[in-house]
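Trainee: Predicted model follows, preceded by the sequence.
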Amino acid sequence: QTSFDSPGRSDAGSVLGSPVSSLFRSRFSDLSASLHREREAGKEPEDEAPSKKGMTGTQAKKVIAEMSKLNEELSTVVNNLKARQEESEHIQGLLIERAERAAQRIIFLQNRISYLEEELQENDGELQHLRICLKAVEIQMPPHPDKELQRCIATFKDDYQALKRKRAHRASMASVRGFDPLQMGTPLR
């Protein structure tokens, strides 16, 4: 480290030895040396202030305090950002987990819908088969059948018509709600 106040160099000597000061001396050589020294002494603080390149101890302490304060604020900001990042990663993990569960639920429901539609088609096939068998029985019946047999046939026909109306009502309700019964059978892939 070099000191600005080294004993081998005086500020007054450096000012007097500069080209500006020699010009100043030659111009006013008729003045007395004491008057010249008074002027140089009066100008020394003005010339000295801009030529200093360092900062005072008070300024250095102030800068250090400000830097320390800024460092603490930046540390706080960094810690807050890390906390936000951890929070975001946690939320993202939860969202991914929920999306995976939702996808699994969708797959399960699609499989369930496919199973129920197959079962419905099987039941429809069985009902159609029974209806055809009943029609065959009616055709083969004698002209004056038993009253109990006629009652059973009439009950089956009424139940079949009620089931048909119920299915038609469900289909119309599904179309009103926006479900297309034809598209329900095709699972999304």
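Mentor: That came through fine. Remember, it's a predicted structure, so these values are computed and weren't measured experimentally. Residues are numbered from 1 along each chain as shown.

Trainee: which residue sits closest to Phe156, ignoring its sequence neighbours?
Mentor: Leu134 (5.9 Å; C-beta to C-beta, 6 or more residues apart in numbering). (Each C-beta comes from the backbone N, C-alpha and C, glycine too.)

Trainee: list the helices and strands the helix or strand hosting the one you found packs on?
Mentor: Per DSSP states H and E, Leu134 falls inside helix 57-140. Applying 3 or more C-beta pairs under 8 Å, 6 or more residues apart in numbering; DSSP states H and E, one finds that helix 57-140 contacts helix 147-177.

Trainee: So, low pLDDT: which residues of the chain?
Mentor: 1-52, 179-189 (pLDDT under 70).

Trainee: is it true that the residue nearest to Phe156 touches Ala154?
Mentor: No - the pair Leu134 / Ala154 is not scored as a contact, 10.6 Å apart, by C-beta atoms under 8 Å.

Trainee: Among these two, which residue is more densely surrounded?
Mentor: The residue with more neighbours, out of Leu134 and Ala154, is Leu134; 15 against 10, by other C-beta atoms under 10 Å.

Trainee: ok, now which ones touch that one?
Mentor: Taking C-beta atoms under 8 Å, 6 or more residues apart in numbering, we find Leu134 in contact with Ile153, Phe156, Lys157.

Trainee: Selecting buried members of these in PyMOL, what would you type?
Mentor: Selection of buried members from those for PyMOL, criterion 16 or more other C-beta atoms under 10 Å:
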select buried, resi 153
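
Trainee: Of the contacts of Leu134, which is the nearest to Ala83?
Mentor: Nearest to Ala83 among these is Phe156, at 71.8 Å by C-beta to C-beta.

Trainee: Return the distance of that closest one relative to Ile132.
Mentor: To Ile132, Phe156 is 12 Å away according to C-beta to C-beta, to the nearest Å.
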